[in-house]
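A.B. asks: With the sequence up front, the predicted model follows.
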Amino acid sequence: MIGQSTRDGGQPTSDALGPRHLISSILHTVFDVAELRLVPSFPKPQINRLTEHATIPGMS
């Protein structure tokens with residue numbers, strides 16, 4: 001998990017970010033999602049998958 005926690009690490013103090021956020025950040029770095037939307041041959045379901053989850057704040 002990525003995020004902030006209490007001093008003893010027992011409770012999160014920010015929204016927990018998990019693997020789906022990491023994968024989304026990587027995919028948004030590798031692919032220009034805005035440009036992919038303009039490619040008619042790129043499958044629409046795949047574009048939707050790329051935008052399902054938020055990226056890690058500060059990484060994009």
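C.D. replies: Received the coordinates, thanks. Since we're looking at a predicted model, the values are computed, not measured.
A.B. asks: So for the longest helix that the chain contains, what gets flagged as buried?
C.D. replies: Once the chain is assigned using DSSP state H, the helix that runs over the most residues is helix 19-30. Across helix 19-30, burial judged by 16 or more other Cβ atoms under 10 Å covers 21, 22, 24, 25, 28. All C-beta atoms are positioned from the backbone trio N, CA, C, and that covers glycine.
A.B. asks: can I assume residue 16 is in contact with residue 5?
C.D. replies: No: with contact defined as Cβ atoms under 8 Å, residue 16 and residue 5 do not form a contacting pair (9.1 Å).
A.B. asks: Just give me the closest of the buried residues of helix 19-30 to residue 58.
C.D. replies: Residue 58 lies nearest to residue 25 out of the buried residues of helix 19-30, by Cβ to Cβ, at 9.7 Å.
A.B. asks: and which of the buried residues of helix 19-30 is nearest to residue 49?
C.D. replies: Taking Cβ to Cβ as the measure, residue 49 lies nearest residue 24 of the buried residues of helix 19-30, at 9.4 Å.
A.B. asks: tell me the residue furthest from the middle of the chain?
C.D. replies: In the chain, counting by Cα atoms, centre = their mean, residue 8 sits farthest out from the average C-alpha position, at 27.2 Å.
A.B. asks: quick one: contacts for that one?
C.D. replies: Taking Cβ atoms under 8 Å, 6 or more residues apart in numbering, we find residue 8 in contact with no residue.
A.B. asks: hmm, back to that, only the C-alpha atoms, please, for the longest helix of the chain, written as CSV.
C.D. replies: The C-alpha coordinates for helix 19-30 follow below in CSV (Å, rounded to 0.1, in the frame of the first residue of the first chain):
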residue,chain,number,x,y,z
PRO,A,19,-2.0,-2.1,-6.7
ARG,A,20,-4.8,-0.9,-9.0
HIS,A,21,-3.6,2.7,-8.6
LEU,A,22,0.0,1.6,-9.3
ILE,A,23,-1.0,-0.2,-12.4
SER,A,24,-3.1,2.7,-13.6
SER,A,25,-0.2,5.1,-13.0
ILE,A,26,2.2,2.8,-15.0
LEU,A,27,-0.3,2.5,-17.9
HIS,A,28,-0.9,6.2,-18.0
THR,A,29,2.8,6.7,-18.2
VAL,A,30,3.3,4.2,-21.0
